[in-house]
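Asks: the sequence and its predicted three-dimensional model are supplied below.
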Amino acid sequence: MRLRTLPVSAAGVITGAGCAAYTGNFRVLPFILCLLFALGAQIASNFANEYFDYKNGFDRKGRAGFRRGVTEGDIKPGAMLRATLLTLALTGVIGCLLIIWGGWWLIAVGVTVAIFALAYSAGPWPLSHHGLGELAVIIFFGFVPVVFTFYLTSGGWEYYKMPLYLGGAIGLMGANVLVVNNYRDIDDDRAVGKHTLAVKFGPEFAKRLYFINGIAAFMLTEFALVLSVPIIWQIGSLIYVNLHYLLWTRLCISKGAELNPLLGKTAMLMIFVSVWLFATLAVNNL
């Protein structure tokens, strides 16, 4: 399941719920279902990544990253494939329950999420193998969960600009989790022909991308909040940008397995931001 990275999907839903709370129309049950759907989709994508990277020869034993169960022989490939399909099916059932609040057109959104959960690692042109992983994360862990959770928990599209700004911010923070992952795995990925952005443009590019993503996320957060909440509540944004800088300095001096804790801390920083945003927007609602 890669528990260290699950905050990436939770953060978008929590942030979208905060935007709904700002309107004064927050609904708890669709929020819970959105959270379960987001977590289920990420777990299914992680399972698929384990299976298809093993099947296509992109994982090697003894890699610097976290232990891969299928590659190391802990889990049979068939069992992982069944787990992927079962998790995706259960996630689809949860998504269908959201039709009650959002309408039948949400089926198209759910199908798109399911396709990209698999397309990240599977198919004739896996996104993660062609330098599109970070873009996929920005869209499906940023804009999609924030905007659609806002809609489903508030019941409308009013004040849509706030979730768009914050969806971009959360997406960039999530992309940084992948940047750490790909920076750590750059030698392994290059050896098997996996063309991530870190492989294509080199380790220095990955370091710069991590820094720029964090600063851009900070700026988008400020765009969303500057006219919406009292300045004292924006201290969370300042805490974030300082912690981001500290994590970036650690990234610049770490290699291999040393980066594993940094990956988890980058994901946890997202949770901090999302919880702070929820609290700030709920307290200072319209």
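Replies: Right, received. Where do you want to start?
Asks: counting contacts, what elements does the host helix or strand of residue 42 pack onto?
Replies: Using DSSP states H and E, residue 42 sits in helix 28-55. Judged by 3 or more Cβ pairs under 8 Å, 6 or more residues apart in numbering; DSSP states H and E, the packing partners of helix 28-55 are helix 7-23, helix 77-97, helix 106-119, helix 144-154. C-beta coordinates here come from the backbone N, C-alpha and C atoms, glycine included.
Asks: around residue 207, how many other residues sit close by?
Replies: Per other Cβ atoms under 10 Å, the neighbour tally for residue 207 reads 16.
Asks: what's the answer for residue 246, then?
Replies: Here the count is done by other Cβ under 10 Å, and residue 246 has 11 residues near it.
Asks: where does residue 264 land in three-state SS?
Replies: At residue 264 the chain is in helix, as set by DSSP: H, G, I helix; E, B strand; the rest coil.
Asks: isn't it up against residue 4?
Replies: Yes. Using Cβ atoms under 8 Å, residue 264 is in contact with residue 4, at 4.0 Å.
Asks: contacting residues for residue 118?
Replies: Residues in contact with residue 118 (Cβ atoms under 8 Å, 6 or more residues apart in numbering) are 44-45, 48, 88.
Asks: roughly how far apart are it and residue 175?
Replies: In this structure, residue 118 and residue 175 are 20 Å apart, going by Cβ to Cβ, to the nearest Å.
Asks: one more: residue 137?
Replies: Per Cβ to Cβ, residue 137 is found 5 Å from residue 175.
Asks: which one of the two has more residues nearby?
Replies: residue 175 (27 against 24).
Asks: which element, helix or strand, includes that one?
Replies: helix 161-184.
Asks: next: residue 278.
Replies: Using DSSP H and E, residue 278 falls in helix 260-283.
Asks: would you check how far apart residue 211 and residue 245 are?
Replies: 8 Å.
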